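J.: here is my input; please provide its structure:
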Amino acid sequence: FQMMHIFLKVANHAALLLPKSTNSVAQARLGEEICLAAADKHPELRERNFLQLSDPRYSGKMEVLAGLLTVLEAENAKVLLFSYSTTLLDILEAYISSKGYTHCRLDGSTRTDVRQQMVKEFNTNQSIF
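T.: Numbering: from 1, shown residues only. From the prediction side, this is the model:
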C-alpha cells in the first residue's frame with residue numbers, strides 16, 4: 001500500500017514526494033531518494049525551491065493543464081480545479097498566479113461563513129477565471 005501511495009503522489013506532481021509532504025518516515029526517506037535522483041537528472045532542481053516548481057515540464061498533468069487553460073481562457077470559460085492535496089493546490093495556485101489568471105481558492109482552511117460568498121463571487125465576477 002505504501003508504494004501505491006508513492007505512485008499516486010508522483011502521478012500528481014513530483015513535489016508531493018518531498019519529506020515534509022508526508023507523515024510517514026519510510027515515505028519521506030523514499031521520497032528524498034527519488035527527489036535526489038531527479039535532481040541528478042535535472043541539476044536545475046537543486047538551485048530552485050522544488051515546491052515552487054509549477055513549470056509544466058516537471059509534470060505531465062501540469063503540461064496538459066497548461067494547454068487546457070489556454071483553450072478555456074480563449075473560450076471565456078470558468079475553471080474549477082479540485083485536489084485532495086493542499087500541497088498540490090499550492091503548486092496549482094503558483095502556476096495560475098504566474099500566468100496572471102485572477103482566481104480564488106477555497107480549501108479546508110476556508111471559513112464556512114466565507115465559502116458561500118466566495119462561490120457567489122466566482123460565479124458572478126467574469127474576471128475570475
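
J.: how about the helices in this structure?
T.: 2-12, 25-41, 60-74, 86-98, 112-124 (DSSP state H).

J.: and the longest one, what does it pack against?
T.: Where contact means 3 or more CB pairs under 8 Å, 6 or more residues apart in numbering; DSSP states H and E, helix 25-41 is packed against helix 2-12. (Each C-beta comes from the backbone N, C-alpha and C, glycine too.)

J.: so where's this structure shaky on pLDDT?
T.: 1-3, 5-7, 10-12, 14-15, 17-23, 44-54, 58 (pLDDT under 70).

J.: tell me which of the helices of the chain sits most buried.
T.: helix 86-98 (a mean of 18; mean count of other CB atoms under 10 Å).

J.: what's the angle from that helix to helix 60-74?
T.: 40 degrees (axes from the mean of the first three to the mean of the last three CA atoms, to 10 degrees).

J.: returning to what we had before: now tabulate the helices of the chain in TSV and tack on distance to Leu106.
T.: Output for these, formatted as TSV (distance: least, CB to CB, whole Å):
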stretch	distance to Leu106
helix 2-12	19
helix 25-41	28
helix 60-74	18
helix 86-98	10
helix 112-124	5
